[in-house]
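Visitor: no sequence on this one, just coordinates:
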């Protein structure tokens, strides 16, 4: 059996747990945008802050890395594509400048994903949905309730998908999938059952929501901005200003 996914809400009393979800979403959006221009000082300081917040939230970094191993594999692929070039005679060569640039890009992507995981781990799905609806309310021609519901369902289903992927991977290893030398066959044996499980889970969720007369007109959680949120926004602003450092 697969282990429970680390990507999902975990109750706690950490500073992040106590923040207003609107504050956390604002920090996520702002720092994610800043990450595109962040240099080495910003990346180092933001990474150290994120590791400290993971520890404060009670999340084990090793387990989070295991849960995101497929994304880490994707980052490794991106790094290889941007770094390795084939010269005459199909001889691979690595450029130092390209490697540094590729490492920075992968670092930025990993930082953004880590911030998203912190939001999911310290915020209830209902609070995420309520905060997103609050942000989308002034936007014209957008049904903020429907959009927030879709994002909330995505946040709720992502840990379930990862759990199903872990269980499927364990089942395939128990049946000797590693003996298959063809990587395409191994990929097919993994992806097709996983997609089938995901679609079945989505159908079951839709049936459950319809059976309970689900409606977009629901009572949303009360959102309150406190001094902690002001302090967090101030710290986030100072962290974002480090992109100006040489």
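Guide: Nice, thanks for sending it over. Note that the structure is predicted; figures quoted are calculated from it, not measured.
Visitor: those strands in this structure, which residues are they?
Guide: Applying DSSP state E to the chain gives strands spanning 84-86, 92-94.
Visitor: For those strands, which has the smallest mean pLDDT value?
Guide: Mean pLDDT across those is lowest at strand 92-94; the value there is a mean of 66.
Visitor: pLDDT-wise, which helix or strand of this structure ranks last?
Guide: In the chain, the helix or strand scored least confidently by mean pLDDT, DSSP states H and E is strand 92-94, which has a mean of 66.
Visitor: tell me, how many neighbours does residue 151 end up with?
Guide: Using other C-beta atoms under 10 Å, residue 151 is surrounded by 17 other residues. Backbone N, C-alpha and C define where each C-beta goes, glycine included.
Visitor: Same question for residue 245.
Guide: Applying the criterion other C-beta under 10 Å, we find 11 residues in the vicinity of residue 245.
Visitor: excluding its backbone neighbours, what's nearest it?
Guide: residue 41 (4.4 Å; C-beta to C-beta, 6 or more residues apart in numbering).
Visitor: Next, work out how far apart the one you found and residue 244 are.
Guide: Distance check for residue 41 against residue 244: by C-beta to C-beta, to the nearest Å, it reads 9 Å.
Visitor: more crowded one of those two?
Guide: Remark: of residue 41 and residue 244, residue 41 carries more neighbours, 13 against 10, as counted by other C-beta under 10 Å.
Visitor: Does the more buried one touch residue 242 like I think?
Guide: Yes: using C-beta atoms under 8 Å, residue 41 is in contact with residue 242, at 5.2 Å.
Visitor: check contacts around residue 21.
Guide: Counting by C-beta atoms under 8 Å, 6 or more residues apart in numbering, residue 21 makes contact with 123, 127, 128, 130, 131, 223.
Visitor: Right, I'll leave it there.
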